[in-house]
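Asks: how would this look folded up:
(chains A and B)
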Amino acid sequence: MGRSPAPAFRPGKLIFRVTGQVSVIDYIIRRVLLNILVLWMVATLVFAALRVLPGNYAVAQFAGANLGGVTPEAIANAEKELGLDKPVTTQYRDFMWNTIRLDLGDSFRTKRSVWSELRDAFPYSAELAFLIVLVGFGVAVPVGILSAVNQDKWPDYVLRGIAIGALAAPVFWTASIAVSIVLAFDLFKIDVIGQPHLWDDPIGALKWYLIPMFAGGLASTANTMRVLRSQMLEVLRDDYIRTARAKGLNERSVVMRHALRNALLPVLTVMGLTVATIVGSQIVLEQMFNIPGIGRLLFTSIFLRDYPLTQGLVLLTTFVIVSTNLAVDVLYGYLDPRVRLA
Amino acid sequence: MERNNYWTRRIQRRRMLQGAGVGAVGAAALGLVGCGDDDDSSPTSTATTAAATTAAATGTGTAAATKTGTAAAAGKKGGIYVSQSANVYESVDPQRTVASPVLQVLARVQSKLLRFSNPNTGDMAGDLAEKWENPDASTIVLTIRQGVKWHGAGPGAKNPAAAGGRAFTTEDVKYNIERQKAGLLASGEKGSFGRNAYWKNVDTVTISGNTVTMKLAKPDATFIGGLANEFNLMVQKELIEAVEPKATEISADKVIGTGPNILTEWVPGKSISAVRNPDYYNKERPYLDGNRWIQTFEDPTAYRIAFEQKQVDSFTDPDPGQTTKFWEANKDKTRIKYAGVANTVAIYLPRAQAPWKDDRLIQAINLAADRRQLIQQLHSGLGKVSGPVTWLQDAWAIPQTDLEKVPGYKVQRDQDLKDAKALWDAAGGADIGEITWVVPDTWASRAAWSSTPEIIAEMFNKAFGTTQFKARTKNYTEIIPSWFSKNFDPFFGWIPNVEIPDARAEMVGAFTTGSTSNIWDVSEATEIDAKLTKSLTLTNKNEALKLVREVQDFVLSKGQFGRVIMYNYIAPTLYWHYVNPTGPSAEEGWNLISSSLDALDLFIDTDDPTYKGRATPTITGL
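Replies: Numbers count the residues shown, from 1 in each chain, chains lettered A, B, ... in the order given. Sure thing, here's the model as predicted:
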């Protein structure tokens, strides 16, 4: 087997002095500062949006209850206890000051700190997100390759058709169909109450996560597969691939060792952007499967106007998204030093 | 049994409606529904009402005098019942809560002085009081049950502030009355005691041996029934005063009771557990070894999965049509229970302000309001029209057959609509300009009801041949204060709940001159004030009922003065067949909150074939 003919770029020390004038460290610092600005803007927006929404927790907690006891006095007492009687400017000042000190406050509903709520919910969301990415990547890569190497043949048409279908189908629809099939044929138990973690009960957890991970994974698969296919088609026409073939490398080595490696770089960017999509689909999937993660918590907190919890969850989600994008960009530069970061 | 059941018949007719077209066929079918209501006075219903009337007439009762629901006849001990919990519990103090979800938990661990053995009719049974007398409308004598103890085990009893295992005494009764009457916390601060107005009527409380005598400041024959209100749970002085400052921080170690269960875990939104109280005074109850409430299902898919795979024992879809559909497909494996929902649906008109001071406009709205159309459109046909006293309050309401003859409630609506239009035009309704209905956003946020504002506006535009009616949503934060200031917009939605079967106090509050709740400025000295005030003094229910009926007829003749009661809908709940819920029969349910009865009488039949495949639930023990 010959040496890889892939030219120019190879991960390495070049990362710290790229082609332009700005070092990666400078770049990261600038991006971090920009991310702080984004976080501040998001915090302000979510603070304002929650207060613009009609009602507050003092009323929401009585919803569907006995309105006979819900007097203006009872609402006023509840508002005072929650600090909602203070002027909005005071509430905003307190919120920003506490956030800077990483104090996200206590949930109105449970009276526990928002950090405690996040600590309980985050592992569930992380598990599901990991599984969704695993499915997404695990399915997209082979399907994308297969589609590219069979360009304009029936496997390509079929796989592209499926991908477009998966892209068009909302996750709740895919999940509902899967649930109906599982219940109709009594295939396995979906433990929506036990809520096991992967590390406690891997089999039980996988059964529980099986439908949401595939429903969420398929949606992200479609996008990734399409990008990978087009990249593969482009790379497969490059000179160095022709050289590799001319040197007598077998087709498998050409595709897997040389073409795929280069075609995966744009896919990484797509995967980074997919995080936001996954967070969105998780809100739906966690509702549907009673997964006590960030998405479910966010839905409940918005519904109940639990301001501290909603604010904390939105900030955390924003942090994850901007950090992931930053990480992807940095990783991209690491994998391809030709990329000008600044 | 199912064929003769009122609720089942209603659904079958609704299904027929679905199969038929709308319009003329719909009107004919609605007529059939009306005929069905003829059968409301089924043998069971008549018997219970008569029993209640007789018991109340004597003004006394004992625990042995009444029996609880049918579940009592064939109950089996054992098993853990798993159901969905509420999302929010705002306090561990039942006397400072206004929300019924708290009672879902606390009514299983705490007790009242009396309870309704039949919440539909008001039939009562003893609880902490084993005997009660109501010699006149101002005196109540309670004989307190001996040998009752506060829980001696569990997180609450282990709380250092609690007096676990202590005997329940007459001093506990006096403390609970005086705490709520004063409306003060141990710190001396004012507390939000939801039933403060009710208890304020107690003038003196005296103890003699094991009897407690209450003298009321004003005669109130309904007061005795209020003791059985689900909100009137007894708390222990030692523990409640210690946890008062942090009563909104929910946990099991802040709760102690004398009830059939001991609370072992209370984590809102996650898990709640209660196990059998081994020292409960009634050794025959509860049937269940324990209750477990799991976190709220935000989505019906998860709830359905949990029910179908027997992870929970009951199920209610947000769309009642889905629940009944599921039951119809699984009749041999499941039971369905229908219960009236105490959140009465009504229209409120601001009669204290122009242009609504003109009673012709109010009468026009009352006549034009199509109650049955809304029941069909919004509740899959599951509901019954209500007059000034809701049909939930079986013993006090105008029977449905009589109500259907009243303008505004007729099944054939042609004449009502004609009269409504004439009144509207005569009062210059068309010249009023835009009229905006307000619908609570909590109502309109439900998927099945999201089009309610448009439906309401269209209903009146169509009835009056106009386009002046619009609608919007608002939050109760804005709505409730506007009620009290009497300058509210025309409103459609839920109004304050019905809590007890006796309707007199509610009628007095709504319609007597000067009452705080009389936001319509009703002032009718002869036809209302005198009759309702007198009814409060009568311990003979039949005599009181006659007066209340007269007032209802008068109120209806005036378009209900702007307090236009529309209907109460019905919520179906599905159970696996191994669960035996409480109620007059397996299919019928209680109309008013009945958590304390469920705590005693609901049981699980482990020999039922459907029990197979149900995993044993885990529960936090003592």
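Asks: what does the pLDDT read for the residue of chain B found nearest chain A?
Replies: Nearest residue of chain B to chain A: B:V98, at 3.0 Å (CB to the nearest CB). Any C-beta I mention is one placed from the backbone N, CA and C, and that applies to glycine too. B:V98 carries a pLDDT score of 73 in this model.
Asks: which SS class is it?
Replies: Three-state call for B:V98 (DSSP: H, G, I helix; E, B strand; the rest coil): coil.
Asks: my read: it touches B:N196, true?
Replies: No - contact between B:V98 and B:N196 fails when scored by CB atoms under 8 Å: they sit 11.5 Å apart.
Asks: give me the number of residues near B:A107?
Replies: The local packing of B:A107 (other CB atoms under 10 Å in any protein chain shown) involves 27 other residues.
Asks: if we can go back for a sec, distance of the residue of chain B closest to chain A relative to B:D220?
Replies: Distance of B:V98 to B:D220, given as CB to CB, to the nearest Å: 22 Å.
Asks: more neighbours: which of those two?
Replies: B:V98 (25 against 21).
Asks: who's in contact with B:K174?
Replies: B:V205, B:I207, B:V212 (CB atoms under 8 Å, 6 or more residues apart in numbering or on different chains).
Asks: include secondary structure and neighbour count when you put these into JSON lines, please.
Replies: Shown next, in JSON lines, are these (DSSP: H, G, I helix; E, B strand; the rest coil; neighbours: other CB atoms under 10 Å in any protein chain shown):
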{"residue": "B:V205", "secondary structure": "strand", "neighbour count": "18"}
{"residue": "B:I207", "secondary structure": "strand", "neighbour count": "14"}
{"residue": "B:V212", "secondary structure": "strand", "neighbour count": "24"}
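Asks: low-confidence stretches in chain B?
Replies: Along chain B, the model assigns pLDDT under 70 to residues B:1-73.
Asks: can you list the domains in it?
Replies: B:31-317+B:594-611, B:345-500+B:558-569 (automatic domain parsing).
Asks: now those as CSV including distance to A:E234?
Replies: CSV is the format used below for these (distance: least, CB to CB, whole Å):
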stretch, distance to A:E234
domain B:31-317+B:594-611, 42
domain B:345-500+B:558-569, 46
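Asks: out of the ones you listed, which gets nearest to A:S220?
Replies: domain B:31-317+B:594-611 (20.9 Å; CB to CB).
Asks: quick one on the thing from earlier: how close does the residue of chain B closest to chain A sit to A:A58?
Replies: B:V98 is 11 Å from A:A58, by CB to CB.
Asks: in what helix or strand does the residue nearest the centre of chain A lie?
Replies: Central residue of chain A (CA atoms, centre = their mean): A:V275, 2.8 Å from the mean position. Per DSSP states H and E: A:V275 is located in helix A:260-288.
Asks: now the helix or strand following that helix: how far from the chain's centre is it?
Replies: Remark: after helix A:260-288, the chain's next helix or strand is helix A:294-303, criterion DSSP H and E. Distance, stretch centre to chain centre, for helix A:294-303: 16 Å (CA atoms, centre = their mean, to the nearest Å).
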